[in-house]
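Enquirer: here is my input; please provide its structure:
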Amino acid sequence: MSQWEMVYGIHAVEALLRHHPKRVKQLWIAEGRQEPRIQAVVTLADAARVPVQTHSRQSLDEQVDGVHQGIVAHVSPSQIWGEAMLEELLDRAEGPPLLLMLDGVTDPHNLGACLRTADAAGVQAVIIPKDKSASLNATVRKVACGAAEVIPLVAVTNLARTLEKLKKRGLWVVGTAGEAEQDVYDVDMTGPTVLVMGAEGKGMRRLTRELCDFLVRLPMSGSVSSLNVSVATGVCLFEAVRQRRSR
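Expert: Modelled structure (predicted):
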C-alpha cells in the first residue's frame, strides 16, 4: 500500500468516487459506522467495483493523521496538471476566464480551503509553483471537501513566466497587497482575470508583484491588519463573481 495515497473524510471520498472512481483501489470503513452518509459512499464504491473492507477505528487512526470520519480510501497518486493544461482550459472556457494563482501558500489547510472556494466561485484552474507551495496531499483533500477532485490544480516552474504568457492571452492580473491604494471593490474583474494571492506575512514575491496590472487591498476596519489567505481569497473571488453577475 506504500505506493497509494490516502484520501479520508466523507465529502472527499465521495467526490473521488463520483468523479475519478478508477483511482480508488480500496475503501476502509470503521466498524459500527452504519449511518446513511457512509452507506451512500459504500454504494458508490460497490457500483465502481471498489473493494470495501471493515476495520477497527484504531486501524483507520493509524492510516491517516486527521479526522477521517470513519472512512479512508486508498487511491492511486494524485494528478497535478502541467502548464500546458492552462492553454487547453482557456481554449475551452465559456465566457471570460477566472484563474486563481497562489504565490507561496505552504499550509495544506489553506490550500485546501482555497481550492474549495475556487470551485464554488467557478474558477477554471488554481495555479501554484512547483516549489515553495503546499502540494495535493490527504489534508488538502479533506479540507477541500471534494473540490480537489474536480478543479484543476496546475503546478508551474515559474509563476512570473506563466503570468507573462497569460497576459499575452489577454488576461488581466489582479494582485493583493496590504499597501495597495485601490480596494478590491474598485477594480473591474468582469473580463479575463488572474487573481494572485500571496503568502501570509510575506505576500507576493517581487517578480509576481511587478507583473500585476492592478494591486488591490481589502478594507480593514478592525484591529487586525490582515486576513487568513483562504478567507481573503474567498472575499476577492466572490467580488469577481458579484461583478460578473451584475454585468
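
Enquirer: how about low-confidence regions in the protein?
Expert: For the chain, the stretches flagged by pLDDT under 70 are 1-3, 78-79, 223-225.

Enquirer: where along it do the strands fall?
Expert: With strands called from DSSP state E, the chain shows them at 5-8, 24-30, 52-55, 71-75, 98-103, 125-129, 153-156, 172-176, 182-183, 193-198, 214-217.

Enquirer: what lines up beside the third one in the sheet?
Expert: Spelled out, it's strand 52-55. According to DSSP bridges, strand 52-55 forms sheet pairs with strand 24-30 (parallel).

Enquirer: tell me which residues in the partner strand are buried?
Expert: 24, 27, 28, 29, 30 (16 or more other CB atoms under 10 Å). C-beta here means a position set from N, CA and C on the backbone, and glycine is covered the same way.

Enquirer: repeat for stretch 120-134
Expert: Applying 16+ other CB under 10 Å to stretch 120-134 flags 121, 123, 124, 125, 126, 127, 128, 129, 133, 134 as buried.

Enquirer: quick one: end-to-end length of it, please.
Expert: 20 Å (CA to CA, to the nearest Å).

Enquirer: and that stretch, how far out from the chain middle?
Expert: 6 Å (CA atoms, centre = their mean, to the nearest Å).

Enquirer: could you do stretch 32-41 as well?
Expert: The answer for stretch 32-41 is 27 Å, by CA atoms, centre = their mean.

Enquirer: now the terminal residues of that stretch, how far apart.
Expert: With CA to CA as the measure, the first residue of stretch 32-41 is 15 Å from its last.

Enquirer: got it, and stretch 178-189?
Expert: 19 Å.

Enquirer: ok so, going back, what is the nearest of the buried residues of strand 24-30 to residue 150?
Expert: residue 24 (15.0 Å; CB to CB).

Enquirer: walk me through the domains of this structure.
Expert: 3-73, 81-244 (the TED database).

Enquirer: still on that earlier bit, so which of the strands of the chain gets nearest residue 243?
Expert: That would be strand 193-198 among the strands of the chain, by CB to CB, at 9.6 Å.

Enquirer: from the contact counts, what lies against the closest one?
Expert: On a contact count with 3 or more CB pairs under 8 Å, 6 or more residues apart in numbering; DSSP states H and E, strand 193-198 meets strand 98-103, helix 159-168, strand 172-176, helix 206-210, helix 229-246.

Enquirer: given the first one, what are its sheet partners and their directions?
Expert: Just to be clear, that refers to strand 98-103. strand 125-129 (parallel), strand 193-198 (parallel).
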